[in-house]
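> Need coordinates for the following:
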Amino acid sequence: MQAAPPPKTPNRTPPIAPLVSNGLIQSLEGPKSRQSELKFIFQVGWQFLKGFRTLHFVGPCVTVFGSARFGPDHRYYELARKIGKAISGLGFTVMTGGGPGLMEAANRGAFEAGGRSVGCNIRLPYEQQPNRYMQQNVTINFFFVRKVLLVKYSYAFVVMPGGWGTMDELFETLTLVQTGILHHFPVVLMDREYYQPLLDYLQQMIRAGTISEHDLKLVLLTDDPEEAMSHIRTYVETNYRVIRRRKPLWWLLEKI
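Modelled structure (predicted):
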């Protein structure tokens, strides 16, 4: 007599568990309990409040994006340092992602020139440490909160050579310009050798019709910090009344 076959079990896909269990990973896991979602909302709100209180008096700024991987012996580092000094010379605060590499170089250029230098660092599993060339900085847990802060206080953007993070910041900024969220905010790509292939591909996108020629009007590709500053100055002076730093209110425990 043959044994009865085992009962069929429903074909259910097991839930995907993250390799790393922390707040940053858990926030992207998908639907969770209502209590967890509410907690996440408060965490994000607190991060924004923390950033707003720290950076409220730093502007007006020019944000410099760039890789964390280039040290002081690299030519990109020296170029970013010159950019930081030049931005300071225009009277703007230099804002960066607050980390090492080209972020440090831009902060250092402003800091050594006697200008204002600030950063918006990100907390990562391998702990990206803030560089030491900033008068003020804030460390954020979520990339999307950090990107809002890096854009919120700035009138222009300088993009040094970089990788995934820098490309993410560059294309998000260009999207904000294209969709009219940002108006007449100049974007400067520094180093022709590095960015010319990217600009060539953007021209291909124009030919394909996925973007318009107007979308690249505010983008300048250059090797010259003076040309970059002239481009920024022209658009800012033509289109904006720059709002100077506000005074802190003592009863809110605010500090410059």
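> helix or strand right after the top helix by length along the chain?
Counting by DSSP state H, the longest helix found in the chain is helix 34-55. Per DSSP states H and E, the first helix or strand lying C-terminal to helix 34-55 is strand 61-65.
> picking that back up, buried set for the longest helix of the chain?
For helix 34-55, burial by neighbour count (16 or more other C-beta atoms under 10 Å) applies to 47, 50-51, 54-55. In this view, the C-beta of every residue, glycine as well, is placed from N, C-alpha and C.
> Now flag whichever of these is closest to K82.
Closest approach between the buried residues of helix 34-55 and K82, by C-beta to C-beta: L55, at 24.5 Å.
> shouldn't the closest one be in contact with N137?
No - between L55 and N137 there is no contact under C-beta atoms under 8 Å: 9.1 Å.
> Give the residues shared as contacts by these two.
Any residue near both L55 and N137 by C-beta atoms under 8 Å, 6 or more residues apart in numbering counts here, and that gives 118, 120.
> I believe V158 is in a strand; please confirm or correct that.
Yes - if the criterion is DSSP: H, G, I helix; E, B strand; the rest coil, then V158 is within a strand.
> What's the per-residue pLDDT of it here?
For V158, the pLDDT comes out at 98.
> cool, and T63?
pLDDT for T63: 97.
> Can you report phi and psi for the nearest residue to it once chain neighbours are set aside?
Leaving aside its chain neighbours, T63 sits nearest to S154 (4.2 Å; criterion: C-beta to C-beta, 6 or more residues apart in numbering). When quoted as degrees, to the nearest 10, the phi and psi of S154 stand at phi -110, psi 150.
> who does S154 bridge with?
Beta-bridge pairing of S154 under DSSP bridges involves C61.
> And it, how far from A113?
From S154 over to A113 the distance is 18 Å, taken as C-beta to C-beta, to the nearest Å.
> neighbour count winner among these two?
S154 (22 against 16; other C-beta atoms under 10 Å).
> got a list of what that one touches?
59-63, 95, 185.
> Which of these has the largest number of neighbours?
M95 (35 neighbours).
> Report the contact partners of the residue lying closest to that one once chain neighbours are set aside.
Leaving aside its sequence neighbours, M95 sits nearest to C61 (C-beta to C-beta, 6+ apart; 4.2 Å). For C61, the contact set (C-beta under 8 Å, 6+ apart) comprises 92-95, 118, 153-155.
> at 10 Å instead, please
Going by C-beta atoms under 10 Å, 6 or more residues apart in numbering, C61 touches 55, 87, 92-96, 116, 118, 150-157.
> Then V187?
Contacts of V187 by C-beta under 10 Å, 6+ apart are 65, 156-159, 170, 173-174, 177, 216, 218-221, 231-232, 235.
> next one: R192
199, 221-224.
> now swap in M205 and tell me
211-212, 215-216.
> One more: K217?
So K217 contacts 177, 184, 186 (C-beta under 10 Å, 6+ apart).
> so can I have a markdown table of the residues you listed showing distance to Y195, pLDDT and neighbour count?
Listed next are the contacts of K217 as a markdown table, based on distance: C-beta to C-beta, whole Å; pLDDT from 0 to 100; neighbours: other C-beta atoms under 10 Å:
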| residue | distance to Y195 | pLDDT | neighbour count |
| --- | --- | --- | --- |
| V177 | 17 | 85 | 21 |
| H184 | 21 | 79 | 14 |
| P186 | 15 | 92 | 22 |
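> low-scoring stretches of the stretch 51-200 of the chain, by residue?
127 (pLDDT under 70).
> rerun at 80
For the stretch 51-200 of the chain, the stretches with pLDDT under 80 are 125-128, 183-184.
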